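Participant: Turn this into a structure:
(2 chains)
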Number of protein chains: 2
Amino acid sequence: MNSDIVTLAHGSGGRAQQKFINEVIKKYFSNPVLDKMEDGAVLPPIKGRIVMTTDSFVVSPVFFPGGDIGRLSICGTVNDLTAMGARPMYLTAGFIMEEGLSIIDLEKILGSMQKAAKEAGVIIAGGDTKVVEKGKADRIFINTSGIGEMVKSGINISASNAVPGDAVIISGTLGDHEISIVKGREGLEFGAVISSDCAPLNRMLEPVIKAGVRINAMRDPTRGGLAAVLNEIAAASGIEISIDEGKIPVKKAVRSICSVLGFDPLYLANEGKMALLCAGKDSMRAVSILKKNKYGRDAAIIGNVSGKDRKGKVLLKTSAGGERIVFMPEGEQLPRIC
Amino acid sequence: MNSDIVTLAHGSGGRAQQKFINEVIKKYFSNPVLDKMEDGAVLPPIKGRIVMTTDSFVVSPVFFPGGDIGRLSICGTVNDLTAMGARPMYLTAGFIMEEGLSIIDLEKILGSMQKAAKEAGVIIAGGDTKVVEKGKADRIFINTSGIGEMVKSGINISASNAVPGDAVIISGTLGDHEISIVKGREGLEFGAVISSDCAPLNRMLEPVIKAGVRINAMRDPTRGGLAAVLNEIAAASGIEISIDEGKIPVKKAVRSICSVLGFDPLYLANEGKMALLCAGKDSMRAVSILKKNKYGRDAAIIGNVSGKDRKGKVLLKTSAGGERIVFMPEGEQLPRIC
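Facilitator: Presented below is the predicted three-dimensional model:
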């Protein structure tokens, strides 16, 4: 057994896998629930309503400025639970590794997961490791699934619950994650380093919910970007959303790369942003609570639900003074960004 | 967009993915929880203690006699929850697909998942689809994660809970799954068709638990086979286990393929079998309840916890009258069997 790389035996169910789990995985994920090494994790009692979600991560490259597939895999699932109004609690991690993956790289990824899980306050309650032959996967794929409990009882956040009068809030700048991946993949040298925004947002959103802000719809704009998320909400709620280009926060460096590559920031993936539609009267308060968190410093009200429209239209008031429809993206601008 | 194969756009977060999910995935997985298409599934209240697990499936070939990766992905997670004494309730499904996967094959797999989920009585509460470029995965990988509630309160099944006096029960014949894969992969023509035993075992075990049989340890012998599972239990409980070769059920056809290929049935993977260590006084009753289920017809008492042994030894009384140690397997006999 070569101890520097992942081999097929590490996914075998035998002694080599036991050793691998004890010496590599447990170094990062040890906790009382996981350490029992049973077929399933018996969880401490949970009081609130339970929310469950899953996400697989296949991002390429595996390491990028501001994060890696490990941090992404924790943040993605934490943010999906957060978007439902839940407090993320327990995650599972399923690894599919390509034979030959370096253990050093794997440990970097596990370290990132550990750090992100600690930051989010979630426990890795279970895991699974599989290894496939060289050439049958691309280094590493990670699935995380998670459960959480509703932050408060009576919460009903849904893409179909937005109503006229709601304000549209974005918690920060658009496009940082996708541009960091493009730059890493293409080896683009121009402009400043753009770091991915990859972050767990639960501790930013929980105070907003606890403060009684009436959030009707909430989604993290990952694949397909803000354009996809707002179109989904507009369609599910049967409403028309208007957003104001001049109010949408985009970093200068991201904007210039977009103009060179012909990308539109509205369609770029984010991994540390949340789009909220909340009652207009609560919107200023929501933004001021978001701004108190380091991930919400650039939070802004960028538009509102401007009317009933059963077709679910999203309109953009351009900086030039015009108006255009923001269509649902057909595909993404770039594959494998998460 | 070629509608016969999976393309990168199907994992994009845009309109193409929406269409794919609505027209392909939902055809098989539609239910009130999933159909909301939110970032997470809000589950109906759960009363009992919750158990959570995850498993990724990378089996090759994807289709094999007696099952496919879809059926396997449901049964594997259902059986892990079952092994903890839980009633499986909600599963998530995460798909990583290789660009070019045929939609016909995908639909076969989804159909198998639907059928197995129905058989087990579990609900697919959430899902995720990712697509990677051709050559970056091997057709399809599936992660399923699941939660269930304890069948009864006060259950404490653990690999570390076996005690002297416990009987060792296996719920049926060994090796059927792994041999079905070997034959499929190698194109071996000899002997009868061996079908995988791939099956959800929750409905077989629930009556055993409800009848008050005191199960101390329970595990489904997948990768590494019965040898791995009994070694894990012996080590975790600090006991010595003795099993009797003559009592271990193995199909004649499996036995003859094993003798040709030099395999030992004790080390072969199963996907529809459970190994139970229960109080000796309850063991006859347990077997008779297991036998009432179609998946437990060949259930048998095959040994017992024969003493205290902190090193956790497993002994086999051979049919020839000798005795040998059954070691923990180093690796598996064959990679990618699940």
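Participant: all helices of chain A, in order?
Facilitator: Ranges of helices in chain A, per DSSP state H, are A:15-20, A:26-29, A:69-83, A:103-120, A:176-186, A:202-210, A:225-237, A:252-261, A:283-291.
Participant: Looking at the stretch 1-150 of chain A, which residue is nearest chain B?
Facilitator: Across the stretch 1-150 of chain A, the shortest distance to chain B (Cβ to the nearest Cβ) belongs to residue A:13, at 2.6 Å. For the C-beta atoms, the positions are set from N, CA and C on the backbone; glycine is no exception.
Participant: For the residue nearest the centre of chain A, which non-adjacent residue is spatially closest?
Facilitator: Centroid-nearest residue in chain A, with Cα atoms, centre = their mean: residue A:76, separated by 3.3 Å. Excluding the flanking residues, the one nearest residue A:76 by Cβ to Cβ, 6 or more residues apart in numbering or on different chains is residue A:55, at 4.7 Å.
Participant: Specify the beta-bridge partners of that neighbour.
Facilitator: residue A:144 (DSSP bridges).
Participant: Return the per-residue confidence for it.
Facilitator: What the model reports for residue A:55 is a pLDDT of 97.
Participant: Do I have it right that it meets residue A:144?
Facilitator: Yes: taking contacts as Cβ atoms under 8 Å, residue A:55 lies within contact range of residue A:144: 6.0 Å.
Participant: Have a look at those two and say which one is more surrounded.
Facilitator: residue A:144 (32 against 27; other Cβ atoms under 10 Å in any protein chain shown).
Participant: Surely the more buried one is in contact with residue A:76?
Facilitator: Yes: in this structure residue A:144 lies within contact range of residue A:76 using Cβ under 8 Å: 6.8 Å.
Participant: any residues in contact with both of the two?
Facilitator: Common neighbours of residue A:144 and residue A:76 (criterion: Cβ atoms under 8 Å, 6 or more residues apart in numbering or on different chains): A:55, A:57.
Participant: So which residues on the stretch 201-338 of chain A come close to chain B?
Facilitator: A:219-220, A:222-225, A:228, A:232, A:236, A:269, A:328-332, A:335-336 (Cβ under 8 Å from any Cβ of the partner chain).
Participant: from these, which would you call buried?
Facilitator: Buried members of these, counted by 16 or more other Cβ atoms under 10 Å in any protein chain shown: A:219-220, A:222-225, A:228, A:232, A:236, A:269, A:328-329, A:331-332, A:335-336.
Participant: between those, which is closest to residue A:302?
Facilitator: Within these, the smallest distance to residue A:302 is 13.3 Å, found for residue A:225 (Cβ to Cβ).
Participant: excluding its backbone neighbours, what's nearest the closest one?
Facilitator: For residue A:225, the spatially nearest residue (Cβ to Cβ, 6+ apart) is residue A:267, at 4.3 Å.
Participant: dump the residue contacts of the one you found.
Facilitator: So residue A:267 contacts A:224, A:225, A:226, A:227, A:228, A:329, A:332, A:333 (Cβ under 8 Å, 6+ apart).
Participant: before we move on, what about residue A:196?
Facilitator: A:64, A:65, A:66, A:67, A:72, A:176, A:177, A:180, A:181, A:271, A:272.
Participant: Sounds good, over and out.
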